[in-house]
Each structure stands twice: as structure tokens, then as C-alpha cells.
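Student: I would like the atomic coordinates for the input below:
(one chain, ligands or ions: 1)
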Amino acid sequence: MLFGLVFAAALAGCAGPEPAPLEPPLRDANPRPALAIAPLVRLDRASVDRPTWPPSGGQVWAGDWNRIRAQQAPLECQACGEEVPRPRLVINRAADEVAPAASPTCPDCGGTTFYLEPFSTPYRPATDLAATRARAATLLAERGVFERVHLLPADDPTLDPVLGVTPEVRHVWRETARARGARWLLEPVLEEARVELIEKNGLHALKVVNLILSSIFIFPGVDPLNWFIPGEDYGVVQRLAWRVTDLADGPGGPGGPGGPGGPGGPGGEGQRELVTRASFADLGPGPTRGFFVVGFLRAPGCLDEEDWAHVAGQLTEVAAEDLARALVVAAEGAGR
Ligand SMILES: [Zn+2]
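Tutor: Presented below is the predicted three-dimensional model:
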């Protein structure tokens, strides 16, 4: 009887996450003037994008070298996670640079690219910023709230990785948006994206009972049913901030004091935290986080980078859709 109950509960929780609904699905009879959307900028760095040796751009900045020299942690193979000792750095006085005495190779897989810092939680998933913005534009066009939706070029101006969005960059965005006839400018910023264990859900207590019964009737620590019960809720947490500028009516806008080229008027700004979550089991049929002996007691401490990436991968698609829909909601706040 208990096992039947457990199995029904497992099946109920095995569905994947659904994108947040976008309501109301409207088609405006009197569309508002055109909207321009600036490139979606992300402030934190995805876990897979942390600095590597050899450096991906081929160039190492002086500050990075100081940081590299100050660290004692071993290098971590990018392909398999194996740790190798940090190579000794030598100073080449002729070339006025510091370089490792020898290029390390992974003893396990032969890889030659290494992370300079070990993985630490939270896991930060990679995000396709361009695709998410394009999806938001498609949704906006379908909903017909604005006459037109322009995507400002992502490479003009090119963002400086250190300085980020400067007043000069915003000035160019506003001018480009005005030149294309846009009335509104939306500037979206993904402040952070991370994956975390949101909670051990209502099935957790059931899993404890099942572990005890299995330990008595089967073998201590062997609880096969628990491998299929989705008792852990993992989620992608995304913090989105945005600013909407009215390009026409503000001080400095074409219709306001100061004339064209000014800072543009206030349109509003906001911030929102999105949580895309699903219930995970060790093994199928729904989302899985991989098998660990009595994993439901040990998670999330037992998850390494690869496990987190596996969890994140099953949420990525819906998380991207949630982010695109949040952009739509932010944009539609313009001009109200
Ligand atoms: Zn390796």
C-alpha cells in the first residue's frame, strides 16, 4: 500500500517545469509607438566561463597574473575536472612577462585547458542572451502592443568587459533608437543567474519512511523506490532589472528642453526575481540529478560541477523562456 502511494506520488511529480503564463494574450487595437530593446547584459559570470589556463584570449592582464600567483589551489581540468598541481611561474625578463615553467597536461584525459579557480557554488548556468532577447521581440510582435520592435545592434557599441554599460554606451543606444523612430527604449540587465536547491519538497518525509522500511526489509541504505521519487526541487533563479526611457517627452528629448541628443526622460525601472523550478529524482522518468547512495539525505552537498550542470541543463530551456516573458512584461510597462 505504501509503495503504491509512493509510486503515485513519484508519477505526479515527474513532469518538467512549464514556462510562466503570459496574460492576457492581447492584440492591441491601438498599438503604442515603436519600442527599441538594448542588448541584454549579464553582470555575473557563468561557471563555465571562469578564467582558464591558457587564457582564452591569449592575453593575461597584469592584475590576473597577480591573482594567479597569489592562488595556491591546484588547476582543474576543464574537460574532466581532474586536479593537477599549479605550475611554477617563471619571470621572462627579456619579454617582460610571467609564464608557467611548463604547460600542464591532464593525466586522466590529456586535456590542456584548465580552470584557474576551483568550482564553487552556486552553479551559474550559461545564458543565450541574444536568443532570449530575440524571443522577447517575437512575443512582443505577436502581442501587437507596440507598432514596431527594434533590436539595437549588440556590437555597436561593443561593451567593454570591465566597464560594462557606461553613460556613453547608453547615449549611443538612445541615439540609435531615436534614429530608428523608436519612442521607447528598454535596457534589460540580467544581474544574476544561479541554480540552487529550492527545497526538499513534501515527498522528503515519505523518502525517510521508505529508507527506514527498506533498511529493515531489504538492506541498510538500499532504498530503490527512493531513486524514482522526485523529492528535491531545484530551480534556476534569475534576477532581471530593467530601465525604460521615454525618448520623446523627457527633458533633452526632441520635444523637451535641451533638444535631441539629451538624456531622455524617465520611463520607469524595475527589478524582478524569476524562479524556474522542477522536482528532481535520482533517476527518471522526469528530471534527474544523478544517483548517489542515500542521495536525498546528502544533496546538495554531494553535487559537483558536472552534476549541477546536469541539473541546470534540464531547466535551461524553460528558464530562457521565463526570462524572455519577463522582458515582455517589462517592455509592456512602458508608456502606461
Ligand atoms: Zn582531464
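Student: drop to CA atoms for contacts and neighbour counts, all remaining ones
Tutor: Noted.
Student: most centrally placed residue in this structure?
Tutor: A193 (3.6 Å; Cα atoms, centre = their mean).
Student: isn't that residue right up against G235?
Tutor: No: counting by Cα atoms under 8 Å, A193 stays clear of G235, with 10.3 Å between them.
Student: so which residues on this structure come close to the ion?
Tutor: Applying Cα under 5 Å from the ion, one finds that the chain approaches the ion through C77, C80, C106, C109, G111.
Student: just among those, which is most surrounded?
Tutor: C77 (26 neighbours; other Cα atoms under 10 Å).
Student: look up which residues are beta-bridged to that one.
Tutor: F114 (DSSP bridges).
Student: what sits against it?
Tutor: E83, V84, C106, G111, T112, T113, F114, Y115 (Cα atoms under 8 Å, 6 or more residues apart in numbering).
Student: could you do P31 as well?
Tutor: G144, V145, F146, E147.
Student: report how many residues lie close to the second one.
Tutor: Residues contacting V145 under the criterion other Cα under 10 Å number 21.
Student: for the protein, what spans make up the helices?
Tutor: In the chain, the helices defined using DSSP state H lie at 2-12, 62-70, 129-143, 167-179, 203-217, 295-298, 305-313, 316-332.
Student: tell me which of these sits most buried.
Tutor: Comparing the helices of the chain by mean neighbour count (mean count of other Cα atoms under 10 Å), helix 316-332 ranks first with a mean of 22.
Student: now do it: which elements does it pack against?
Tutor: Helices and strands touching helix 316-332, by 3 or more Cα pairs under 8 Å, 6 or more residues apart in numbering; DSSP states H and E, are helix 129-143, strand 232-246, strand 265-280.
Student: ok, 6 Å please
Tutor: helix 129-143 (3 or more Cα pairs under 6 Å, 6 or more residues apart in numbering; DSSP states H and E).
Student: just the C-alpha atoms of the helix it packs on, please, in PDB.
Tutor: Output in PDB follows, covering the C-alpha atoms of helix 129-143 (Å, rounded to 0.1, in the frame of the first residue of the first chain):
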ATOM      1  CA  LEU A 129      21.300  36.500 -24.100                       C
ATOM      2  CA  ALA A 130      20.900  37.200 -27.800                       C
ATOM      3  CA  ALA A 131      18.400  34.400 -28.400                       C
ATOM      4  CA  THR A 132      16.400  35.400 -25.300                       C
ATOM      5  CA  ARG A 133      16.100  39.000 -26.500                       C
ATOM      6  CA  ALA A 134      15.100  37.800 -29.900                       C
ATOM      7  CA  ARG A 135      12.400  35.600 -28.400                       C
ATOM      8  CA  ALA A 136      11.100  38.500 -26.400                       C
ATOM      9  CA  ALA A 137      10.900  40.600 -29.600                       C
ATOM     10  CA  THR A 138       9.000  37.800 -31.300                       C
ATOM     11  CA  LEU A 139       6.500  37.600 -28.400                       C
ATOM     12  CA  LEU A 140       6.100  41.400 -28.400                       C
ATOM     13  CA  ALA A 141       5.400  41.400 -32.100                       C
ATOM     14  CA  GLU A 142       2.800  38.600 -31.700                       C
ATOM     15  CA  ARG A 143       1.000  40.500 -28.900                       C
END
